[in-house]
Each structure stands twice: as structure tokens, then as C-alpha cells.
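Peer 1: what's the 3D shape of this:
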Amino acid sequence: MTTLEELKYKRKASLIVVCTLGLGAIFVSSVRPIWMTNLFEGTSLDNGGLGFVLKCFSYTFLALLLAAIFFIVHLFKLIYYQIEISRLTP
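Peer 2: Below is the predicted model of the structure:
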């Protein structure tokens, strides 16, 4: 695989993450354990119906936070890859 093909592959991956507003990146195996953690685990609020609601809130909050971070990171990556591809293309 040449450098140009690798850049196009990485650009495509970054474009998918940007088009899904960052949600495409939170299901990666290295990121998934982070957003699947319960922020309220081990507290007195972790019991009963309130515990279930807070667990859902925790997952949603962490997913949106990580999605926003990955959206910004992959937006810059997408710009970088496009510049590199245009530089290598004759």
C-alpha cells in the first residue's frame, strides 16, 4: 500500500467520524471502555430506579463528551489528510 493510498484510507475514516458528528469513534475498542463506565458506581445513588436513570445519564454524558472531542480531532485530521493528498497528487 502506497503512502497516497494510506492517506486516502485515513481520510475516509476521518470523514466517517466527522459525518457522524464523532459518534463513529466511540465504538472503537480502545474508547468503548471509557464511555461505558458508570460515574455513579459505588455511591449511594447507584441503587434502584434512580441508579438506572443516573447510569443512563452517565453513559449519555460520556458518549456526547467523547463524540465532541473526536469530532474536533478528526476534523483537523481530515484537513491535514486532504492537504497531504493534494500535495502528493500530480
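
Peer 1: geometric centre of the chain: which residue is closest?
Peer 2: The chain has Ala25 as the residue nearest its centroid, 3.0 Å off, counting by Cα atoms, centre = their mean.

Peer 1: the closest residue in space to Thr89 that isn't next to it in sequence: which element?
Peer 2: Excluding its sequence neighbours, the residue lying closest to Thr89 (Cβ to Cβ, 6 or more residues apart in numbering) is Leu4, at 7.2 Å. For glycine as for every other residue, the C-beta is placed from the backbone atoms N, C-alpha and C. Using DSSP states H and E, Leu4 sits within helix 3-19.

Peer 1: mind giving me the packing neighbours of the following helix or strand past that helix?
Peer 2: Using DSSP H and E, the helix or strand that follows helix 3-19 towards the C-terminus is helix 32-35. Helices and strands touching helix 32-35, by 3 or more Cβ pairs under 8 Å, 6 or more residues apart in numbering; DSSP states H and E, are helix 48-88.

Peer 1: my guess is Thr89 meets Thr2, correct?
Peer 2: No: shown here, Thr89 and Thr2 do not form a contact pair, counting by Cβ atoms under 8 Å, at 11.9 Å.
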